[in-house]
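Novice: fold the stuff below for me.
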Amino acid sequence: MGDAPRLKVALEALRPGRGPAAWRAAWRLSNGGTGPVTVRKAWHPHGRFRSRRRAISLRIPAGASRTLELATRSDVAAGEVVENAFLILQAVSARRRWRILARFTLRGQTGAPPAVSLEAVDANAAAD
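Specialist: Numbering: from 1, shown residues only. Modelled structure (predicted):
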């Protein structure tokens, strides 16, 4: 059994997308582990910050960082707080499948994209 991947997750940018409530979320994924991590799928499942599952092949070597961009929809109003939103990653590391969960809180702002506060990042072995 290998060690869980050590990915640091940070929001680089949240830019307007096409249409109302549409955004482009750019996530910076940094691999703090000793081996490569390959992200196979990524999505936001929360009803207030949602994107489709996206099949990808994003290889992140040990010590490196990569940017992942997802089209998402969010209608968070100014002053509103939405808790327990997630970025979910399905990944492979050391020949094992992993589910990586980045939990964050959204805070609506006037005339700007929602502010994102990352709360936690957890990696769990995926069922085979």
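
Novice: and for stretch 66-82, what's in contact with it?
Specialist: Stretch 66-82 is contacted from outside by 12, 17, 20-29, 39, 42-44, 46, 48-52, 54, 56, 58-60, 87, 105-110, 114, using Cβ atoms under 8 Å, 6 or more residues apart in numbering. (Glycine included, C-beta is placed from N, CA and C.)

Novice: quick check: buried residues in that stretch?
Specialist: Of the residues in stretch 66-82, those buried by neighbour count under the rule 16 or more other Cβ atoms under 10 Å are 68, 70, 72, 73, 74, 76, 82.

Novice: do the same with stretch 95-110
Specialist: Buried residues in stretch 95-110 (16+ other Cβ under 10 Å): 98, 100, 102, 103, 104, 106, 108.

Novice: out of the residues you listed, which are inside strands?
Specialist: Of the positions in these, 98, 100, 102, 103, 104, 106, 108 sit in strands, assigned by DSSP state E.

Novice: what is the nearest of those to residue 92?
Specialist: residue 98 (7.2 Å; Cβ to Cβ).

Novice: which strand residues bridge the closest one?
Specialist: residue 91, residue 125 (DSSP bridges).

Novice: buried ones among the contacts of stretch 66-82?
Specialist: Among the contacts of stretch 66-82, those buried by neighbour count (16+ other Cβ under 10 Å) are 17, 23-25, 27, 29, 39, 42-44, 46, 48-49, 51, 54, 58, 60, 87, 106, 108, 114.

Novice: got a list of what the spatially most central residue of the chain touches?
Specialist: In the chain, the residue lying closest to the centroid (Cα atoms, centre = their mean) is residue 87, at 3.3 Å. Going by Cβ under 8 Å, 6+ apart, residue 87 touches 9, 25, 27, 42, 43, 44, 70, 101, 102, 104.

Novice: what about the buried residues of stretch 66-82, which are in strands?
Specialist: Under the assignment DSSP E, these contribute 68, 70, 72, 73, 82 to strands.
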